[in-house]
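Asks: Return atomic coordinates for the entry below.
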Amino acid sequence: MTATVAATPREVVLVTGISGSGKSVALHALEDAGFYCVDNLPPELLLEFLRLERLREDGAARRIAVAVDVRSAGSLPHLLPLMSQLGAEGVRVRSIFLDASTEALQRRFSETRRRHPLSAQALQSRPGVLDEGDARRALTDAIELERELLADLREASTLIDTSELRPAQLRVWVRQLVRAPGGSLTLVFESFAFKHGVPLDADLVFDVRVLPNPHYVPELRPLNGRDAPVMAYLEQQPEVLEMLGQIEAFLARWLPAYEQDQRAYLTVAIGCTGGQHRSVYFVEQLARRFGARAAALVRHRELDER
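Replies: Have a look, this model is predicted:
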């Protein structure tokens, strides 16, 4: 039986990142969304895999997602040139890089009792009998070594910081990214609480903690920045409207430069104290104002966690 030549996949989603940051969760989310997923494919086999995909008997083009991580460390230098080659052949590569703080990664490895893929290499630098403190330092060394090995790939990818995310949040965020239209800049507006840390995936960060806080109005405390009473309260504050206008003007002024820089995504993070009122309001308003100009995604890190 002669195989039918299928259409070449026009887009490939590459899932990569630091060990323990949630790549398995992301890959499962893509699989549930209808992607054909391949885990830990050596980069040097990627082109051959895509060629074989064209020769499937049913002739139907599938959406492809491939996970690559430090387990293929020896092949990683080939990955960025491959991404460029695929782009030249008309295949768009969406590279999603998952990261998390070192503290979050240490906690996850401790909870699962799994070994880091580079732990053996890190332990070689600590010969002799190891106590618990040595093992913890070896894990930190392994994480930092992995960051060095993946630094160039991280720079060329869309970053998701999973430090404060539950698996359900990560699944939603990954599906949002792959649904966003390709070929143009996508704006990601993200609210967060400074008390839980600044998102690692932020390209621009704005601090709105200086503005009046609805938290101190008893009837507004249980609400959030998407609720009409909170919106009405904030819009009665002249400084809120002034700062919102200034952030909008800044983004409007510099957005063309980011577009010319051939970026796929620009993450604008707005932070307040608790990530519930002011930052949420700003994110919703900015997404609404820029939605007609570019694809705009909305994330509320603290609200989504609930």
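Asks: can you pull out the helices in the stretch 51-200 of the chain?
Replies: Applying DSSP state H, counting those that start in this stretch to the stretch 51-200 of the chain gives helices spanning 79-88, 102-112, 119-123, 132-149, 151-155, 167-179.
Asks: TSV for these, including mean pLDDT?
Replies: Formatted as TSV, the entries for the helices of the stretch 51-200 of the chain read as follows, by pLDDT from 0 to 100:
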stretch	mean pLDDT
helix 79-88	87
helix 102-112	89
helix 119-123	63
helix 132-149	81
helix 151-155	90
helix 167-179	90
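Asks: Mean neighbour count for those helices - can I get that in a markdown table?
Replies: The way it works is simple: take the backbone N, C-alpha and C, and place the C-beta from them, glycine included. Shown next, in a markdown table, are the helices of the stretch 51-200 of the chain (neighbours: other Cβ atoms under 10 Å):
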| stretch | mean neighbour count |
| --- | --- |
| helix 79-88 | 15 |
| helix 102-112 | 15 |
| helix 119-123 | 17 |
| helix 132-149 | 16 |
| helix 151-155 | 14 |
| helix 167-179 | 17 |
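Asks: mind putting those helices in CSV, distance to residue 24 included?
Replies: Converted to CSV, these look like this (distance: least, Cβ to Cβ, whole Å):
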stretch, distance to residue 24
helix 79-88, 19
helix 102-112, 11
helix 119-123, 18
helix 132-149, 16
helix 151-155, 18
helix 167-179, 9
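Asks: closest one to residue 12 among these?
Replies: With distances scored as Cβ to Cβ, the stretch of the helices of the stretch 51-200 of the chain nearest to residue 12 is helix 79-88 (6.9 Å).
Asks: Can you work out which other helices and strands pack against the closest one?
Replies: Packing partners of helix 79-88 (3 or more Cβ pairs under 8 Å, 6 or more residues apart in numbering; DSSP states H and E): helix 46-54, strand 92-99, helix 151-155.
Asks: any idea how far that helix is from the chain center?
Replies: A distance of 21 Å separates the C-alpha centroid of helix 79-88 from that of its chain, computed with Cα atoms, centre = their mean, to the nearest Å.
Asks: So which of the helices of the stretch 51-200 of the chain is nearest residue 271?
Replies: Checked against Cβ to Cβ, the stretch from the helices of the stretch 51-200 of the chain lying closest is helix 167-179, at 17.3 Å.
Asks: Report all helices and strands that that closest one contacts.
Replies: Applying 3+ Cβ pairs under 8 Å, 6+ apart, one finds that helix 167-179 makes contact with helix 23-32, strand 92-99, strand 158-161, strand 295-300, helix 301-305.
Asks: Let me see the residues that make contact with it.
Replies: For helix 167-179, the external contacting residues (Cβ atoms under 8 Å, 6 or more residues apart in numbering) are 13, 22, 25-26, 28-30, 32-33, 35, 94, 96, 98, 158, 160, 162, 165, 186, 265, 297, 299, 301, 304-305.
Asks: what's the answer for stretch 100-117, then?
Replies: Residues external to stretch 100-117 that are found in contact with it (Cβ under 8 Å, 6+ apart): 18-22, 69-71, 122, 136, 139-140, 142-144, 146, 161-164, 197, 200.
Asks: if you set the cut-off to 10 Å instead, what comes out?
Replies: When contacts are taken as Cβ atoms under 10 Å, 6 or more residues apart in numbering, the neighbours of stretch 100-117 outside the stretch itself are 17-22, 69-71, 73, 99, 119, 122-123, 135-136, 138-147, 160-165, 197, 200.
Asks: Which pLDDT value goes with residue 243?
Replies: Reported pLDDT at residue 243 in the predicted model: 98.
Asks: contacting residues around it?
Replies: With contacts defined as Cβ under 10 Å, 6+ apart, the neighbours of residue 243 are 206, 207, 208, 210, 211, 237, 278, 282.
Asks: Now the first one. Its backbone dihedrals?
Replies: The reference is to residue 206. The phi/psi pair for residue 206 (degrees, to the nearest 10) reads phi -120, psi 130.
Asks: So it is in contact with residue 270, correct?
Replies: Yes: counting by Cβ atoms under 10 Å, residue 206 sits close enough to residue 270 to count as a contact (5.1 Å).
Asks: Please name the nearest non-neighbouring residue to residue 239.
Replies: Nearest-residue entry for residue 239: residue 211, 5.9 Å, with adjacent residues in sequence omitted and distances by Cβ to Cβ, 6 or more residues apart in numbering.
Asks: Thanks again, I'm all set now.
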